[in-house]
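Q: structure for the following, please:
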Amino acid sequence: MKVAVLSFAHVHAAGYLRLLSRMPGVEVIGSDPDTGSAAPGEVRGRAFAEERGVAYADSYEEVFAWGPDAVIVCSENARHRPLVELAASRGVDVLCEKPLATTVADGEAMLAACRAAGVRLAVAFPVRFSPAYAAVKAAVASGDAGRVLTVSGANNGSMPASRRWFADPELAGGGALMDHTVHIADLLDDLFGDARPVDVYAQTNNRMYEGEVDAETSGLVTVTYDNGSVATIDCSWSHPRSHHSWGGLELTVVGERATLEMDAFDQSVHGYSERHRQGLELPFGADLDERMLRAFLHGPEEGGMDVADGEGGLRTLKIVAAGYASARSGEPVAVG
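A: Got it, this is the predicted structure:
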């Protein structure tokens, strides 16, 4: 199987190249011709691929001439659409980094292009492959927790510094609200099944990293669903730069019979390095990115989780769009 990584702009590109290059029966190639958004000192392009020991193509045309079976789009958010449409025009399945796009119109166009071409569009939401989430989902599905009343979620982290475009509203589509709301919104999209979001109320500010970036760095989003559940999502870049980990995702689900709590990245040992004068995090749990890639390339395991599809990615994007509209107006905004 031939798999190509299109663009190295996203921080996950390095991990995908590493994981793909280790998978039996997978040939991998990367291409990163659009490096204009890179900050001084950022390693991109051919040098990035050579550091990871993978083949490199100077252009996307060269990639598709190679004949990939699937591609993974890791460009800046605003550049997802042209790469997805390019892959669709060549009849190649796509795994697109989250969020699906920066506007609902772009997301809808991407879905339409993939439908017309008969190719699969998936969105990179690895947290749905967490064993902790699987336990929460099983408790809700079995009825043990009772009807879900409220959900409180936090997807916090440091402001992405290794790729400066994450805090560029034009290329990223926003800041923390765009970056971190969608992971929990995807979990709820899966957890609630056919239930759909009704309206969103959000507040954002730039108190953290004030003066460093133009995008919002803090946000709190409240989503009401048509099954009566209400969810709050803390999407802030609230971890200090000295924090021992890049971020985390926690979820508390309050049901009529039980309260369920999960931490998607709690399988790790925390300590302190005297040599480096900083905190340490040594993970030992499941690699969620690897599980997601295997599901995308080979299908879900028996009884296991599948990748999020383009329709689900669009639904989470609509929550984000309503959140920005609410933050501007100060009022709840209907979804869709």
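Q: mind listing the helices for the stretch 101-250 of the chain?
A: 104-117, 131-142, 169-172, 176-191 (DSSP state H, counting those that start in this stretch).
Q: can you say which of those is nearest to V198?
A: V198 lies closest to helix 176-191 among the helices of the stretch 101-250 of the chain, at 12.6 Å (CB to CB). Any C-beta I mention is one placed from the backbone N, CA and C, and that applies to glycine too.
Q: now do the closest one: which elements does it pack against?
A: Here helix 176-191 touches helix 131-142, strand 148-157, strand 197-205, strand 218-225, strand 230-234, strand 247-255, strand 308-309, helix 310-329, going by 3 or more CB pairs under 8 Å, 6 or more residues apart in numbering; DSSP states H and E.
Q: tilt between the lowest-mean-pLDDT helix or strand in the chain and strand 247-255?
A: Across the helices and strands of the chain, the lowest-confidence element by mean pLDDT, DSSP states H and E is strand 278-283, at a mean of 73. Per axes from the mean of the first three to the mean of the last three CA atoms, to 10 degrees, the angle that strand 278-283 makes with strand 247-255 is 60 degrees.
Q: that older thread, now the helices and strands packed on helix 176-191 as JSON lines including mean pLDDT?
A: Putting these into JSON lines (pLDDT from 0 to 100) gives the following:
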{"stretch": "helix 131-142", "mean pLDDT": "96"}
{"stretch": "strand 148-157", "mean pLDDT": "95"}
{"stretch": "strand 197-205", "mean pLDDT": "98"}
{"stretch": "strand 218-225", "mean pLDDT": "98"}
{"stretch": "strand 230-234", "mean pLDDT": "98"}
{"stretch": "strand 247-255", "mean pLDDT": "92"}
{"stretch": "strand 308-309", "mean pLDDT": "98"}
{"stretch": "helix 310-329", "mean pLDDT": "98"}
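Q: JSON lines please, covering those and showing mean neighbour count and distance to A167.
A: JSON lines is the format used below for the helices and strands packed on helix 176-191 (neighbours: other CB atoms under 10 Å; distance: least, CB to CB, whole Å):
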{"stretch": "helix 131-142", "mean neighbour count": "16", "distance to A167": "28"}
{"stretch": "strand 148-157", "mean neighbour count": "20", "distance to A167": "13"}
{"stretch": "strand 197-205", "mean neighbour count": "20", "distance to A167": "13"}
{"stretch": "strand 218-225", "mean neighbour count": "21", "distance to A167": "13"}
{"stretch": "strand 230-234", "mean neighbour count": "21", "distance to A167": "18"}
{"stretch": "strand 247-255", "mean neighbour count": "20", "distance to A167": "15"}
{"stretch": "strand 308-309", "mean neighbour count": "22", "distance to A167": "25"}
{"stretch": "helix 310-329", "mean neighbour count": "22", "distance to A167": "15"}
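Q: can I get those in a markdown table with distance to M23?
A: Formatted as a markdown table, the helices and strands packed on helix 176-191 follow (distance: least, CB to CB, whole Å):
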| stretch | distance to M23 |
| --- | --- |
| helix 131-142 | 21 |
| strand 148-157 | 27 |
| strand 197-205 | 36 |
| strand 218-225 | 36 |
| strand 230-234 | 33 |
| strand 247-255 | 25 |
| strand 308-309 | 20 |
| helix 310-329 | 24 |
